[in-house]
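In: sequence unavailable; structure follows:
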């Protein structure tokens with residue numbers, strides 16, 4: 001374990017590369033996230049955004065590169081990770097909210113949020129229930145604890161997914177285009193929850209096409225193009241004075 005600098009990043013990705021066969025999708029991406037950072041990752045379809053996010057918690061194993069979370073390091077060479085802690089421990093520290101919710105359809109809202117607390121965090125059922133109810137209330141769904149996902153709107157299902165991630169008390173939460181599967185009228189309720197999490201000081205890395213969120217909520221914006229970081233900076237820098245023609249075109253297309 002590397003000694004922690006209290007002012008340093010809680011999550012670092014260093015020269016992350018990923019190939020699928022002969023196709024190199026990620027071409028050396030590096031990123032640091034400090035406590036309370038909200039980093040929005042932008043880019044056209046196929047730029048590598050979601051693949052990079054999945055490499056951070058090893059849902060995809062990078063071909064090479066290094067991920068450090070609170071001093072614990074996973075170093076990958078030729079697709080083989082060498083780690084100071086089990087990958088399962090890394091995943092516990094990084095909550096993940098997917099595009100498609102990934103809820104258990106045969107379990108209630110409460111049961112969905114309790115599941116990881118019981119089986120991963122090894123909480124008693126009573127403690128898990130108390131924690132789950134707190135986070136379900138946090139996302140505004142305390143009246144739906146006994147509902148099944150099939151009886152919820154897409155926005156409500158995504159809020160359950162956010163509650164599930166929060167309940168695990170991660171160091172950071174990764175969001176993979178969390179509004180892309182929602183009908184337009186439901187996007188706002190999810191973004192409102194995400195904005196409130198940012199205001200609480202949650203550390204978040206968000207792959208998104210929501211330009212207003214990236215501009216108004218982010219502490220940093222990263223633009224990926226063809227598997228590389230082409231531009232990054234504060235929202236004011238990125239949107240007021242974009243440097244690359246690619247990012248200018250991207251903004252204009254949104």
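Out: Noted; the coordinates are in hand. From a predicted model like this one, the values you see are computed outputs, not experimental measurements.
In: so where is the protein shaky, pLDDT-wise?
Out: Across the chain, residues meeting the criterion (pLDDT under 70) sit at 1-7.
In: what ranges does the stretch 1-150 of the chain have for its helices?
Out: In the stretch 1-150 of the chain, the segments counted as helices under DSSP state H, counting those that start in this stretch are 49-56, 87-93, 109-119, 125-138.
In: for those helices, which one sits closest to residue 223?
Out: Set against residue 223 and scored by Cβ to Cβ, these come closest in helix 49-56, at 9.8 Å. (Each C-beta comes from the backbone N, C-alpha and C, glycine too.)
In: other SSEs contacting that closest one?
Out: Under the contact definition 3 or more Cβ pairs under 8 Å, 6 or more residues apart in numbering; DSSP states H and E, helix 49-56 sits against strand 11-20, strand 23-33, strand 38-42, strand 64-69, strand 172-176, strand 204-207.
In: nearest the middle, which residue of this structure would you pick?
Out: With distances taken as Cα atoms, centre = their mean, the residue of the chain nearest its centroid is residue 174 (1.0 Å).
In: how about the residue nearest to residue 106 when sequence neighbours are not counted, what does it touch?
Out: Sequence neighbours aside, residue 148 is the residue nearest to residue 106 in space, at 7.4 Å (criterion: Cβ to Cβ, 6 or more residues apart in numbering). Residue 148 makes contacts with 105, 106, 107, 108, 109, as judged by Cβ atoms under 8 Å, 6 or more residues apart in numbering.
In: give the buried residues for the longest helix along the chain.
Out: Determined from DSSP state H, the single longest helix within the chain is helix 184-200. Going by neighbour count (16 or more other Cβ atoms under 10 Å), the buried part of helix 184-200 is 186, 187, 189, 190, 191, 193, 194, 197, 198.
In: next one: stretch 28-40
Out: For stretch 28-40, a neighbour-count test (16+ other Cβ under 10 Å) marks 29, 31, 33, 34, 37, 38, 39, 40 as buried.
In: need the residues you listed in a markdown table (columns: distance to residue 47).
Out: Below are the buried residues of stretch 28-40 laid out as a markdown table (distance: Cβ to Cβ, whole Å):
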| residue | distance to residue 47 |
| --- | --- |
| 29 | 10 |
| 31 | 14 |
| 33 | 19 |
| 34 | 24 |
| 37 | 21 |
| 38 | 20 |
| 39 | 15 |
| 40 | 13 |
